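[1] could you work out the structure for the sequence below:
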Amino acid sequence: MDAHSWTKREDRFAKAFKIAKRNIPKLFEAFELPPLRQIALIAYGGKGTRETLGGGELLMLGEFVKQIQLNLRDKRVDGDAVPEQFPIIRGIQFAIHYGMTLNWAE
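    Now for the predicted structure:
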């Protein structure tokens with residue numbers, strides 16, 4: 001949720017992704033993890049032709065919410081509800097279930 005230059009964003013995300021690559025596997029040593037998918041999630045502005053940022057995939061918030069919506073559209077709240085500890089995603093699921101169309105990526 002920043003309005004920094006792309007150069008500053010590049011530096012900030014590269015630093016964060018480097019730290020994550022080093023530390024996340026340590027947190028889950030008991031598990032076999034799939035390869036990390038590092039995503040730079042940006043809410044403001046447009047990405048233009050950029051596909052990456054800081055070494056990770058660049059994704060606009062609208063695209064991200066659209067992916068959530070597509071994943072949840074066939075999951076019923078009475079049998080396959082998103083757990084309560086994820087209130088925002090659960091709220092999106094309820095909005096979809098009760099007929100609200102989310103056009104955030106358009």
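
[2] what's the helix ranked longest in the chain packed up against?
    Secondary structure of the chain per DSSP state H: the longest helix is helix 6-27. Helices and strands touching helix 6-27, by 3 or more Cβ pairs under 8 Å, 6 or more residues apart in numbering; DSSP states H and E, are strand 39-42, strand 52-53. Any C-beta I mention is one placed from the backbone N, CA and C, and that applies to glycine too.

[3] try 10 Å
    strand 39-42, strand 52-53, strand 56-60 (3 or more Cβ pairs under 10 Å, 6 or more residues apart in numbering; DSSP states H and E).

[4] ok, and what's touching the last one?
    When contacts are taken as Cβ atoms under 10 Å, 6 or more residues apart in numbering, the neighbours of strand 56-60 outside the stretch itself are 9, 13-14, 16-17, 20-21, 36-48, 50-53, 66-67, 104-105.

[5] could I get the helices and strands packed on helix 6-27 as JSON lines with distance to Arg73, mean pLDDT and mean neighbour count?
    Formatted as JSON lines, the helices and strands packed on helix 6-27 follow (distance: least, Cβ to Cβ, whole Å; pLDDT from 0 to 100; neighbours: other Cβ atoms under 10 Å):
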{"stretch": "strand 39-42", "distance to Arg73": "21", "mean pLDDT": "92", "mean neighbour count": "18"}
{"stretch": "strand 52-53", "distance to Arg73": "28", "mean pLDDT": "95", "mean neighbour count": "18"}
{"stretch": "strand 56-60", "distance to Arg73": "19", "mean pLDDT": "94", "mean neighbour count": "17"}
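
[6] if we ignore the residues flanking it in sequence, what's nearest the residue most central in space within the chain?
    Geometric centre of the chain, nearest residue: Phe64, 5.2 Å, by Cα atoms, centre = their mean. Nearest residue to Phe64, sequence neighbours excluded (Cβ to Cβ, 6 or more residues apart in numbering): Leu41, at 5.9 Å.

[7] give me the secondary structure label for the closest residue to Tyr44 other than its chain neighbours.
    Distance criterion Cβ to Cβ, 6+ apart; nearest residue to Tyr44, sequence neighbours excluded, is Ala3 at 6.2 Å. Three-state assignment for Ala3 (DSSP: H, G, I helix; E, B strand; the rest coil): coil.
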